[in-house]
Every structure is written in structure tokens, then in C-alpha cells.
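J.: quick check, what structure comes out for this input:
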Amino acid sequence: MRPHLSMSRRTRRTPFSSRVEAAGASGYTVYNHTLLATSFRGIEVDYWHLCENVQVWDVSCEKQVTLMGPGANELAQYMTPRDLSQAKVGRCYYLPMCDENGKMMNDAVAIKVNDRHWRLSVADSDVLLWAKGLAIGFGLDVEVREPDIFPVAVQGPKAEELMCRVFGDEIKALGFFAIAPFVYNGQRMKVARSGWSKQTGFEVFVNNAEIGTQLWDELFAKGQDLDVRAGCPNLIERIESGLLSFGTDMDHDTTPFEIGLDKYINLGSDVKSLSLPALREHTPTKKLMGLVLEYHRNVSDLNVFVGDQKIGDIRSQAYSPKYMRRLAFVMCDLAALNGATTVEINTDQGKATGTLTSLPFDFDALGLAACR
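T.: Numbering: from 1, shown residues only. Got it, this is the predicted structure:
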């Protein structure tokens, strides 16, 4: 008998859970204490549909943590080593969020609503509690809370067409990582050109559950000829795209330098950041790298070797039907790796040889052409 997920009030449902179930969700995970579908018709079928059509995702698990008050800017800056002093209202910012030792606490997308209001769209960790602790500890005049906002993502190459049918052609003017208010059925809600895929798309920050379900239904009604389906973040697509998952590819023992987030760290900035002093002194001892395995084999364990020496472990992996290779993210011990690029892993058919590369994957440089 297959294991099942036991539901309780500790596992939060969303306004769209009934729609997700009716659409045939075949798997779930728990993310920020909230249900998140992981598959519908199968990971590969879902993958191709996402790459070629349009999907509507219930990503209410993408909890929103708001910082409001005179101390909002100060608290937001304490939480990240990225310089926010020039941040503009109406823009989204990808933020490594780090503790006093420079270790990752989350990787959030932050939205500057105004000079006294930030909203953090957080990955799977309890940022609300951390932010409250910092606000109290530093004596900041700021309210930290988690409002009832339920993001819905519209993702895929036909996403813009579908969004125009529902919100109007004004949606086309929304630039990447920009966010603006739109009105749906009399309800004002924010829409961003963003989402956890590289297939282009939008996120609608639904702030009224009843109107949100009407929106969900209208997206499907107006997208029938676009072959709209319910979907969810897809493992194959995110690995191909080099999108990282907090708690899987990184954790509280990882620094942003070790996962390739250097460009978001402003070591020379004169800002009050909790983590910058430690990061200025940090020398990475490990690095997240990509692994390309030529054969379509199932990985039997997570260990990665050079000869008999273990040099790292696989954090995420999937077979790419587009490039006909198994792809993985590997956290490598730099001293043990010693510059090697050819490694071995254990598979269900014995040892297999693979090549380490930088992330995100550069398929042209690897000589890999898409097969479809």
C-alpha cells in the first residue's frame, strides 16, 4: 500500500484546494504548512504541457510576510545582504535572506509596496517568526504579519494571451519582475510578471477567497482553446532552468556564495545588514554545481565520487526528456573535488560517469540540442 498524507488543521488547505482536487492532482507535498500539488497527469506529461501551453497553479503555499511601519525598510535590510537602498516602489527583488553567520534563512521575492511597506513572498521556512524576532530584538517600529493572500500563478508560453483575456491588454505592459494593481470583478489585487518557471508567466496575489475562486474558474473558461490545465511547479523544468529550492538545494548551513547567488550580495555597501559582516570574511568550502549524466538511469543513492573519494551529494535530480540526459544539482566539497569535472554516481545499473558544470546549465555550451 502506498503511503498517504494525513490531513489536519496543521496542514492548511487553500481557497483553491477543491479545484486542484477536481483537476486530478495525483501528488502533494507540504510547503509552508500548506498543501502544494506536485503532479497531475505525471511529471513528464505535465512538463511538456507547461513548456508548450498554459497552466494555472495554486501556489497559496507561497506565504506573504508583510513588514509595515516606519521600521519596515530597516527590517527588510537587516534580513538580506542585498543593498535595498535604491529599491523602487512597484518592483520585485530576489533576496537571499541570511542570519548573523551569513547562512541562508530563505530566498524570498520581496515587493516594495511603499516606503513603509514591504511584502516578502517566501520559500519553505518560517520567515514570519524570524522577522518578528528581529523586529523585537532590534526595537523596530514595524508590524510583522501574514495576511490572507493566496497567490495563483499562470505559467507557460500562452500565459500572456490568457491573462489578457481576463485582465485586458494592459497586462502586456507589465515588465519582468514588475508588479501593479489590477481590478478583477470589482476587487483590486496585485499582479506580477513572475513565477517559479522560466516559461514566462504571471502571479496574481488574490486577496479575496471568494473572488479568487471565480478568477480560477474564469481562467479555465477563457483558456479552453489554449489547452489550459491545472499545474504546479515542475521538477524537470526547474532543474533545466537552474531554479533553486530552499530546503532541498540549500539549507540553514549554506551561504549564498556556495549556491551561486554572488550577484545579489553587496559586500561593499554601507547598509545595516545582519549577515554582511560575516559574509565579508567568508571563504566558501563547498559549491552547488550541475551534473549531466548521459544515460537514462535511476539514481540509487545520492553520493557523488571521484574515484573512491566522495566529493559531494545530489540535492535535486530528474531526467530531462528535452535533452535526453539525467540532470542534477550536486553540492560539492571543493577540497575533495580538487578541480575535477568527471565524476561517478551509483545507479540501478551500476556506476555511471557524469560531467560537472556550472549552474544554470548552458545547454549550447554542453553541445545539447533540444529534441522537441
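
J.: next one: the nearest residue to F220 once chain neighbours are set aside from W216, what distance?
T.: Of all residues not flanking F220 in the chain, V228 sits nearest, at 5.7 Å (C-beta to C-beta, 6 or more residues apart in numbering). Where C-beta positions appear, they are placed from N, C-alpha and C, glycine not excepted. According to C-beta to C-beta, to the nearest Å, V228 and W216 sit 11 Å apart.

J.: need the residues touching each of the two.
T.: Common contacts of V228 and W216 (C-beta atoms under 8 Å, 6 or more residues apart in numbering): V56.

J.: check which helix or strand covers E203.
T.: strand 201-206 (DSSP states H and E).

J.: helices along the protein, start to end?
T.: 17-22, 43-52, 72-78, 127-137, 159-167, 209-221, 235-241, 276-280, 334-337 (DSSP state H).

J.: nearest to I149, of these?
T.: Smallest distance to I149 across these (C-beta to C-beta): 9.7 Å, for helix 209-221.

J.: state the distance from the residue most central in space within the chain to N338.
T.: Per C-alpha atoms, centre = their mean, the C-alpha nearest to the average position across the chain is that of W196, at 4.9 Å. Distance check for W196 against N338: by C-beta to C-beta, it reads 35 Å.

J.: and the pLDDT at R145?
T.: At R145, the pLDDT value in this model is 98.

J.: ok now do F16, which residues does it touch?
T.: D58, S60, F150, V152, G212, T213, W216.

J.: repeat that for 10 Å
T.: Listed by C-beta atoms under 10 Å, 6 or more residues apart in numbering, the contact partners of F16 are 23, 35, 37, 56-60, 150, 152, 206, 209, 212-213, 215-216, 230.

J.: same question for L244.
T.: L244 neighbours (C-beta under 10 Å, 6+ apart): 104, 107, 123, 238, 250, 254, 259-261, 288, 315-316, 329, 359-360.

J.: if we go to 8 Å?
T.: By C-beta under 8 Å, 6+ apart, the contact list for L244 reads D107, M250, I259, L288, F329.

J.: next: M104.
T.: Contacts of M104 by C-beta under 8 Å, 6+ apart are P96, M97, C98, F246, M250, D251, H252, T254, T255, P256, I259.

J.: what's the pLDDT at the second one?
T.: Each residue has a pLDDT score; the one for M97 is 98.

J.: and what of the fourth one?
T.: The pLDDT attached to F246 in the predicted structure is 97.

J.: who does it form a beta bridge with?
T.: M250 (DSSP bridges).

J.: same deal with the second one?
T.: In this structure, M97 bridges to N106 when assessed by DSSP bridges.

J.: quick revisit: just the buried residues out of the contacts of M104, in PyMOL syntax.
T.: To isolate the buried ones among the contacts of M104 in PyMOL, judged by 16 or more other C-beta atoms under 10 Å, type:
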select buried, resi 96+97+98+246+250+254+255+256+259
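
J.: distance to G137 added to the contacts of M104, as TSV?
T.: TSV is the format used below for those (distance: C-beta to C-beta, whole Å):
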residue	distance to G137
P96	20
M97	16
C98	16
F246	23
M250	24
D251	23
H252	18
T254	23
T255	22
P256	22
I259	27
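
J.: can you mark which positions in stretch 129-142 are buried?
T.: W130, A131, K132, L134, A135, L140, V142.

J.: likewise stretch 175-194?
T.: Buried residues in stretch 175-194 (16+ other C-beta under 10 Å): I179, F182, Y184, M189, K190, V191, A192, R193, S194.
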